[in-house]
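> 3D, please:
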Amino acid sequence: MDNVTFTVDDLVSTIQEFLTAGSVFSSYIDVNNDIKIREGCQFAFTTEELTEALERCKTLVMTSEECSDERKWLVRRLVELRHRLAQAKENELIKNQPEQEEVQVRLGHNFVVNYQPASATSLYCDHCCGTIWNVVSYYYRCIDCSYRIHIKCLHFITRVCPILIISEQGSYETKICPEVGLDRQDYKCFECENPINFVQRGNNEARKCDYSGRYFCKSCHWNSLSVIPARIMHNWDFEPKPVSQAAYQLIKMTKERPLIILDNSLYPLIEELNKIKKMREQLGHMKLYISTCRSSLESGFHKRELEWRRHLVHNTDIFSLDDLNDLHNGQLRMKIESIHSKLKKHIKEDCEVCKGRGFFCEYCKSTEVIFPFDNSVYICPKCEYVQHKHCWMTRNACPKCVRKESKTDKADE
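Numbers count the residues shown, from 1 in each chain. So this is what the prediction gives:
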């Protein structure tokens, strides 16, 4: 679209033309409830020109008939002009600032300059909660946690990057809402230290974070809802609770990391959880076959099946928050069962090499080939020999360990 130059007189005359256009004016009110200024118009005015247009629009409002459609339309234009004026002032302020460095490090955040708005929707500064106008050419965004701030807010931020927090602590808060009391915080927001209380509403309202147990102001606590890791770990409670923005970002950024070790008392109580643990143990045994199988390595089969959430195979006791959410809604079990069946088929049916690495039970002398991941086997904790579970229960001894002890006794003699 060609650039078009507008003047204040053009803007005011356009307003007056629409006011006197009769049916044209009415159709714009009915259809759009707004008069759309042509694309590029917002860049065509300086703050001085917009201020002058704003004053003229105020005069037109005061001279129009009270409660008329004309006054309603003018008030809408007045609001729009004020919005444009605020944009222009902030844009000029940023243009007058010296050139920004590519990366700014503050409180663990690695801020980079974003030269274009991420989307057409409104963005908000995570520090001051003000709008980041689309007309503004750039703002700061943390490359680790996506924390967004105005350029002018850089030196005033108080929130530590959640990636830094979790790297230092190594785990989530394990106590359920460890509240300390507002008096222990000296009646100040835990993050920005602005005064807060339980009496006043608005910016001074005290809001409790269910994750940390601390109290925050309205700017640092937006009543965002999140599941609480500690409630899941101890009570298997997935109900979302209101948390501060700092906690919300921390949980959101770490939900894929394996950081949660569940209370052992949960396994006997939750059947689904117990089944998942058993299948993970079996996948651990299968991994020993797949990761040393030549055909699996050459075809990439082991990567396709074992790279998905690797911690589920390498460790049976640790979970990520995503794992537990998927387990709660039934998706995790379906995925693990799919991987389990594919690996089992490869080892016991498709691959002759893997099949040849099975075991025979020495007690019953059966010709059935058994594997460590079968449900009906017992694995000796000392020598890892595999035998039928019912055979071991009748003898209560491992034949391989008995042979070793016998050889040791003969050697000593």
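> all helices for the stretch 101-250 of the chain, in order.
162-169, 229-235, 245-254 (DSSP state H, counting those that start in this stretch).
> So which of those helices is nearest S291?
Closest of the helices of the stretch 101-250 of the chain to S291 is helix 245-254, at 27.9 Å (criterion: CB to CB). Bear in mind the C-beta positions are built from the backbone N, C-alpha and C, glycine included.
> just checking, next helix/strand downstream of that closest one?
strand 258-261 (DSSP states H and E).
> partners of that following strand in the sheet?
Neighbouring strands of strand 258-261 in its sheet, by DSSP bridges, are strand 318-320 (antiparallel).
> what about the strand it pairs with, average pLDDT?
Averaging pLDDT along strand 318-320 gives 92.
> So the chain: which segments form each domain?
Domain segmentation of the chain under automatic domain parsing yields 8-95, 103-156, 162-254, 266-355, 359-413.
> between these, which gets nearest to I260?
Per CB to CB, nearest to I260 of the domains of the chain: domain 266-355, 4.6 Å.
> end-to-end on the closest one?
36 Å (CA to CA, to the nearest Å).
> ok, and the closest residue to L332 other than its chain neighbours, which helix or strand is that part of?
Nearest non-adjacent residue to L332, counting by CB to CB, 6 or more residues apart in numbering: D326, 3.8 Å away. If you go by DSSP H and E, D326 is part of helix 321-328.
> show me where the stretch 1-150 of the chain has strands.
With DSSP state E, counting those that start in this stretch as the criterion, the stretch 1-150 of the chain has strands at 103-106, 109-114, 123-124, 131-132, 139-142, 148-149.
> and the last one, what other elements does it pack with?
Of the remaining helices and strands, those touching strand 148-149 by 3 or more CB pairs under 8 Å, 6 or more residues apart in numbering; DSSP states H and E are strand 139-142.
> Pull the one helix or strand L332 maps to out as CSV, backbone CA atoms only.
L332 belongs to helix 331-345 when assigned by DSSP H and E. What follows is helix 331-345, C-alpha atoms only, in CSV (Å, rounded to 0.1, in the frame of the first residue of the first chain):
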residue,chain,number,x,y,z
GLN,A,331,-2.4,-41.2,28.0
LEU,A,332,0.9,-42.4,29.6
ARG,A,333,-0.2,-46.0,30.1
MET,A,334,-1.3,-46.3,26.4
LYS,A,335,2.0,-44.9,25.2
ILE,A,336,4.1,-47.2,27.5
GLU,A,337,2.0,-50.2,26.5
SER,A,338,2.6,-49.5,22.8
ILE,A,339,6.4,-49.3,23.3
HIS,A,340,6.4,-52.3,25.6
SER,A,341,4.6,-54.5,22.9
LYS,A,342,6.9,-53.4,20.1
LEU,A,343,10.1,-54.2,22.1
LYS,A,344,8.7,-57.5,23.3
LYS,A,345,7.8,-58.5,19.8
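> Quick one: mean pLDDT for it?
Here the average pLDDT along helix 331-345 is 90.
> Buried residues in the helix or strand just after that helix, which are they?
Downstream of helix 331-345, the next assigned helix or strand under DSSP H and E is helix 352-355. Using 16 or more other CB atoms under 10 Å as the test for burial, helix 352-355 gives C354.
> How about stretch 382-392?
Neighbour count says stretch 382-392 has 385-388, 391-392 buried, by 16+ other CB under 10 Å.
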